[in-house]
Every structure is written in C-alpha cells, then in structure tokens.
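Colleague: Okay, here's the prediction I keep looking at, along with the sequence it came from:
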Amino acid sequence: MTSPLLSVCLITYNHENYIKQAIDGILMQQVDFNWELIIAEDCSTDGTREILLEYKEKYPDFIKLILQEKNVGPAKNFLDLIQTPKSKYIAYCEGDDYWTDPLKIQKQVDILELNENIGLVCSKVKHYNQTSGDFIEITPTFVKASNDVIALMLKSKFISLSASIFRASVLFKVIDAIRVELETGIIGDTRILLETVYQSEVYFLNEVTAVYRILEGSASHPNEVNKYILAIKDSYLCRKEFVVRNNLNKKWLSDSICNTNRGLINQAFVAKKYSDSMKFLGSILIIDTLKYCRFNVFVKKIKLDIWMKLMLSLVGIGLLRQKLKKSN
C-alpha cells in the first residue's frame, strides 16, 4: 500500500467538549491526494476516548488511533504520535483547536510541493476565549527577510502549530535535535517552531485557516501559582536553550526576559496571598536580565507602572487591595 502524502497528527487529552469540532475540521478538508488522520489519546478521564472510537468506526481506513494504556503525559504522547507517520508531510492539531478553511491543507501542500527549500508552511489564526466566548483577531507578523524570523520568534511566538504543515524530513530532524528538551520541558510547540525556523525556510500564508482555543486552567494558561511560574519560566527557558544550542546572540533574549518579568510582577500584584506574591517575585530573572537584556529594551518594557506594581507587591499593598475589593 502506498504511503499517504500527508498525515494529520491530532493530540488529545480530556477534550470531550471540543474533540468533535477538531475532528470535523479535519474531515471537511478537500484534497486531491492520499492522506490519513492519526490521533494519540492519553488515557482521558472524560468521554474523549469513547468519541474517538465512534469516529474510528465510521472511518476505519482513514483514522488510526494511538490509545495510551495509562496516562503518559503530553511529552511522551506527542512523541509517540509524531513519530508514527511515514508520509512526506505532517500537519498537526490539538484536540481543543480546530480548522476553519476546508482548503487549508491543500493550499499548504501545494506550496510545499512547489518549493523543496521550504520546511514549514503556516497561516494566520484566530484566538477564541472559551470563558468569554469572544474571538480575538491576531495581527499577523510579516517578515521581510528570512534572517528576521528567528529574532522575531524569540520576541513573541507568532506561528501556531495547529495552523502549520511540516515537511516530515525537517520535522524529524528538529525532533532529534530537541528530544531531551521535549521530554523534560513543559512548552513543546515553541521549541519545535524555533528549531524549525532555524533549520529551514518558512512560508507564511496570509489567510486564517484555524482557531486556537484559550482555556483557563490548561497547560498553556494555568491558574495555579506554581504551575503558572513553571510555565512562564519554561517559555523563557526554551528560548534560552535554543539560543545557547545554536550559538546565537543572547541579546535576542531581551524581549523574552522582560516579558517574563512583567508577567511575574503582574501576577504578584494581583495575587490573593502575600506568600504567592513572594513566589512570583522570587522567580524574576534577575541574573539573566543583567547578563543578556539590552538596556533600551529594558527601559521600553519595564515602565513606571511595572515598578509601582513591584514595590506595592513587596510591601503587601496588592494583598490589601484584594481585601478591600472583597469588602466592597
């Protein structure tokens, strides 16, 4: 049997309320090539697996399932999934995101087929806040020169994994380069995208083809203090590891350092417990700020309001504000 030209890799865990929309967005794709859908499910505790089995029964030849016998965590589940395809191209989607353009993968594959030098084709996305029910239009980042992509990605990740298609040979090379980081870190998509734009050329499709769902309490948007600190620091760490591994200019970390510190200070200011405020402030990247942060970026990012929040958090005014807010 001929290997499919494209494999869509869908990862899921406890996505009972969203997985149908994710799968239906894949099934609606209109293509002129052989393809498949591979889904890795990490022993969900809700009804996600039952929904997958229903789809598998309807599309037995198209859908392949990787059903973990026990919860193995997102890193192993992802690696088990992404190493399964034998296809030329790999598309990726998470179980709480979904595609909106029925021609998404056809357009992206056509670009890859015509350009052997391109390893990744990405598109614009909309963000959807599940709590508020609002769609958020994301201003696209257009890169004039290929050399600017890495520096801009280090400032702020502007490529969405769920809106991308990889040349499999490039993706597998990337996975090999960062396997240990993927196994031990929290943030996977930024690590993959950074290494991909370093090793290959990228094509930006100026169309919205997917929706990224913002879920409060998820791994990307944790509510718990310790999980938030781990996530925001790992978001910075993945950039630092990338710069060090590839011997790049460490000053490119300036924006990421300041963004991390701003996030920690803002959280310290709104924390409901003084002990939590101290946890946030104790995680500020002081050494890396002194070593790697450009002064002009620091001045631009760490403005008076951030300094005020820092000082007020240190003396417990943020906590007092929370108490006054409750009494009112």
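Modeller: Now that the structure is in, tell me what you want to look at.

Colleague: need the strands for this protein, in chain order.
Modeller: Ranges of strands within the chain are 6-12, 35-41, 63-67, 89-94, 98-99, 118-129, 134-137, 164-167, 201-214, based on DSSP state E.

Colleague: Check the separation of the first and last residues in stretch 94-103.
Modeller: 19 Å (CA to CA, to the nearest Å).

Colleague: Please list the outside residues in contact with it.
Modeller: Stretch 94-103 is contacted by residues 10-13, 15, 18-19, 21-22, 24-26, 28-30, 48, 93, 107, 123, 126, 161-162, 207-213, 215, 218 when judged by CB atoms under 8 Å, 6 or more residues apart in numbering. In this view, the C-beta of every residue, glycine as well, is placed from N, C-alpha and C.

Colleague: same check, this time on stretch 288-299
Modeller: Stretch 288-299 is contacted from outside by 236, 240, 250-251, 253-255, 257-258, 261, using CB under 8 Å, 6+ apart.

Colleague: what do you get if the cut-off is 10 Å, keeping everything else the same?
Modeller: 155, 236-237, 240, 243, 249-258, 260-261, 285, 300-302 (CB atoms under 10 Å, 6 or more residues apart in numbering).

Colleague: quick one: average pLDDT of it?
Modeller: Stretch 288-299 shows a mean pLDDT of 97.

Colleague: Now the terminal residues of that stretch, how far apart.
Modeller: By CA to CA, the extent of stretch 288-299 from end to end equals 15 Å.

Colleague: What residues of it count as buried?
Modeller: 288-289, 292-293, 297-298 (16 or more other CB atoms under 10 Å).

Colleague: Let's see which of these end up in helices.
Modeller: Among the buried residues of stretch 288-299, DSSP state H puts 288-289, 292, 297-298 in helices.

Colleague: Using TSV, please lay out those together with distance to Asn34.
Modeller: What follows is those, written out as TSV (distance: CB to CB, whole Å):
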residue	distance to Asn34
Asp288	48
Thr289	52
Tyr292	48
Val297	48
Phe298	52
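
Colleague: which one among these gets closest to Leu79?
Modeller: Nearest to Leu79 out of those is Asp288 (CB to CB; 28.9 Å).

Colleague: From Lys250, how far off is that closest one?
Modeller: Asp288 is 9 Å from Lys250, where distance means CB to CB, to the nearest Å.

Colleague: Now for the two: what residues contact both?
Modeller: The contact lists of Asp288 and Lys250 share 240, 257, where a contact means CB under 10 Å, 6+ apart.

Colleague: from the chain's centre, how far out does the longest helix seen in the chain sit?
Modeller: Selection of the longest helix in the chain by residue count, based on DSSP H, yields helix 225-245. A distance of 13 Å separates the centroid of the chain from that of helix 225-245, by CA atoms, centre = their mean, to the nearest Å.

Colleague: Give the buried residues for it.
Modeller: So for helix 225-245, counting by 16+ other CB under 10 Å, buried means 225, 228-243.

Colleague: just to revisit the earlier point, output the strands of the chain as CSV; include the columns mean pLDDT and distance to Glu183.
Modeller: Listed next are the strands of the chain as CSV, based on pLDDT from 0 to 100; distance: least, CB to CB, whole Å:
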stretch, mean pLDDT, distance to Glu183
strand 6-12, 98, 15
strand 35-41, 98, 16
strand 63-67, 98, 17
strand 89-94, 96, 18
strand 98-99, 96, 28
strand 118-129, 92, 22
strand 134-137, 82, 32
strand 164-167, 97, 20
strand 201-214, 92, 24
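
Colleague: Report the contact partners of the closest residue to Ala40 other than its chain neighbours.
Modeller: Using CB to CB, 6 or more residues apart in numbering and skipping residues adjacent in sequence, the residue nearest Ala40 is Leu81, 3.6 Å away. By CB under 10 Å, 6+ apart, the contact set of Leu81 is 7, 9-12, 38-42, 66, 90, 92.

Colleague: Which of these sits closest to Ala151?
Modeller: Tyr92 (24.2 Å).

Colleague: Surely Gly119 is in contact with Ile192?
Modeller: No. Using CB atoms under 10 Å, Gly119 makes no contact with Ile192, being 11.5 Å away.

Colleague: Selecting buried members of the contacts of Leu81 in ChimeraX, what would you type?
Modeller: Those of the contacts of Leu81 that count as buried under 16+ other CB under 10 Å are selected in ChimeraX with:
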select :7,9,10,11,12,38,39,40,41,42,90,92
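
Colleague: I'd like the contacts of Leu81 as JSON lines, with distance to Gly133 appended.
Modeller: Below are the contacts of Leu81 laid out as JSON lines (distance: CB to CB, whole Å):
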{"residue": "Ser7", "distance to Gly133": "33"}
{"residue": "Cys9", "distance to Gly133": "29"}
{"residue": "Leu10", "distance to Gly133": "24"}
{"residue": "Ile11", "distance to Gly133": "25"}
{"residue": "Thr12", "distance to Gly133": "22"}
{"residue": "Ile38", "distance to Gly133": "31"}
{"residue": "Ile39", "distance to Gly133": "27"}
{"residue": "Ala40", "distance to Gly133": "29"}
{"residue": "Glu41", "distance to Gly133": "27"}
{"residue": "Asp42", "distance to Gly133": "27"}
{"residue": "Ile66", "distance to Gly133": "32"}
{"residue": "Ile90", "distance to Gly133": "32"}
{"residue": "Tyr92", "distance to Gly133": "26"}
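
Colleague: No further questions, thank you.
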